[in-house]
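Visitor: coordinates only, sequence not included:
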């Protein structure tokens, strides 16, 4: 009886991969790995950019609000609900109070009394919130009428703030010389410019460049740079 042909030929050339095939496979694997590594690096860079952009949005919103509200600041109008001794603009190094015609979206048009300053947060004692309180100025009611309701809104402009500093440029009645001042208080006169500096807590990636706001009623063409800054 003769044996048939073998079903499993003992041929070394067909038993596995050749050296050239292995080298080609390794090269392809290395190419794919390098493409994946580059893609992961690009994705991380894009994600980092988005995170930085999102972190900057609240700061930009606060800058826009401050610039617009201060830009529309007005002297207090006597007989419009303001008390006889109410200051048109009261500014300190860490807070401001003034009257403005700016009404943000979804708020009643009119004249608002604005108070801006820092408040302690519930977290670390070294962190503060920059808070604005807007109170709608209404004319006083008649003697036989109940007082009108007060429309007041409190908003947080910035969180995790370490410090804020306001400076004011203008001339007061005591000397008549326009210069930068750490405080401002006057019945009828507004500063010509307000400068705002904000420092965030350690580790916060947000950046704040000094905000310079010329007031609507002011001529700022001859104003010098704020102290310790270049324009």
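Guide: Perfect, I can see it now. Given the structure is predicted, the values throughout are model-derived calculations rather than measurements.

Visitor: Check which residues of the strand or helix carrying residue 98 are buried.
Guide: Element membership for residue 98 (DSSP states H and E) is strand 95-100. For strand 95-100, the neighbour count (16 or more other C-beta atoms under 10 Å) marks 96-100 as buried. For the C-beta atoms, the positions are set from N, CA and C on the backbone; glycine is no exception.

Visitor: low-scoring stretches of this protein, by residue?
Guide: Applying pLDDT under 70 to the chain flags residues 1-17, 38-58, 77-85, 105-107, 123-125, 138-151, 174-175, 217-231.

Visitor: could I get the buried residues of strand 95-100 as CSV with distance to residue 134?
Guide: CSV is the format used below for the buried residues of strand 95-100 (distance: C-beta to C-beta, whole Å):
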residue, distance to residue 134
96, 13
97, 11
98, 11
99, 11
100, 9
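
Visitor: Report the beta-bridge partner residues of the nearest residue to residue 96 once chain neighbours are set aside.
Guide: Residue nearest to residue 96 in three dimensions, not counting chain neighbours: residue 116, with 4.8 Å by C-beta to C-beta, 6 or more residues apart in numbering. For residue 116, the beta-bridge assignment (DSSP bridges) gives partners residue 96, residue 132.

Visitor: Report the separation between residue 116 and residue 87.
Guide: Going from residue 116 to residue 87 by C-beta to C-beta, to the nearest Å gives 15 Å.

Visitor: Neighbour count for those two, which is higher?
Guide: residue 116 (23 against 19; other C-beta atoms under 10 Å).

Visitor: so the more buried one makes contact with residue 92?
Guide: No. Residue 116 lies out of contact with residue 92 (C-beta atoms under 8 Å); the separation is 10.5 Å.

Visitor: What's opposite residue 91 in the beta bridge?
Guide: Assigned bridge partners for residue 91, using DSSP bridges, are residue 96, residue 184.

Visitor: Confirm for me that it is in contact with residue 194.
Guide: Yes. Counting by C-beta under 8 Å, residue 91 touches residue 194, with 7.2 Å between them.

Visitor: shared neighbours, these two?
Guide: The contact sets of residue 91 and residue 194 overlap at 166, 168 (C-beta atoms under 8 Å, 6 or more residues apart in numbering).

Visitor: neighbour-wise, which of these two wins?
Guide: A count of neighbours by other C-beta under 10 Å puts residue 194 above the other of residue 91 and residue 194, at 28 against 23.

Visitor: tell me the angle of the strand or helix carrying that one relative to strand 95-100?
Guide: For residue 194, the host element (DSSP H and E) is strand 193-200. Per axes from the mean of the first three to the mean of the last three C-alpha atoms, to 10 degrees, the angle that strand 193-200 makes with strand 95-100 is 130 degrees.
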